[in-house]
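Engineer: Return a 3D structure for these sequence lines:
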Amino acid sequence: MTKVQLHYKLSRPLRDADLEGVANVHGVYGIARVQIAPSLDSLTVDYDASRLNEREVETALFHAGLPIERFAPTPADL
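Structural biologist: Numbers count the residues shown, from 1 in each chain. The predicted structure is shown next:
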């Protein structure tokens with residue numbers, strides 16, 4: 001297993017319906033964790049790079065209806 005983290009900003013606040021999308025993404029084979037930041041403005045996805053690539057992860061997030069924008073965090077963001 002090759003664990004990789006991707007970080008996303010949210011383009012809008014999460015709604016109750018989005019939480020079902022987060023739960024559905026947890027069911028995608030190869031995605032280990034989706035964590036919403038305490039500030040509720042971003043999320044982190046841990047996935048197995050031997051099972052998925054970045055595009056497949058982003059596709060799963062978009063299909064779940066999550067309002068994501070990819071960004072590269074600085075140490076202060078983590």
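Engineer: for the closest residue to Asp48 other than its chain neighbours, what are its contacts?
Structural biologist: Counting by Cβ to Cβ, 6 or more residues apart in numbering, Gly30 is the residue found nearest to Asp48 once chain neighbours are left out, at 4.6 Å. All C-beta spots, glycine's among them, are computed from the backbone N, C-alpha and C. Listed by Cβ atoms under 8 Å, 6 or more residues apart in numbering, the contact partners of Gly30 are 47-48, 51-52, 56.
Engineer: same thing with Gly65?
Structural biologist: Contacts for Gly65 (Cβ under 8 Å, 6+ apart) come out as 17-18, 21.
Engineer: and if you look at Lys9?
Structural biologist: For Lys9, the contacting residues are 41-42, 68-71, by Cβ under 8 Å, 6+ apart.
Engineer: The helix or strand encompassing it pairs with which strands, and in what direction?
Structural biologist: Secondary structure assignment for Lys9, by DSSP states H and E: strand 3-10. Strand 3-10 pairs in its sheet with strand 42-48 (antiparallel), strand 68-70 (antiparallel), by DSSP bridges.
Engineer: sorry, back to before: relative to Val22, how far out is the residue nearest to Asp48?
Structural biologist: Counting by Cβ to Cβ, to the nearest Å, the gap from Gly30 to Val22 is 16 Å.
Engineer: So for Ser39, what's the pLDDT?
Structural biologist: The model reports Ser39 with a pLDDT of 87.
Engineer: State whether it is indeed within a strand.
Structural biologist: No: using DSSP: H, G, I helix; E, B strand; the rest coil, the secondary structure at Ser39 is coil, not a strand.
Engineer: burial of it, as a residue count?
Structural biologist: Applying other Cβ atoms under 10 Å, we find 8 residues neighbouring Ser39.
Engineer: Now do it against Val28, distance only.
Structural biologist: Ser39 is 25 Å from Val28, by Cβ to Cβ.
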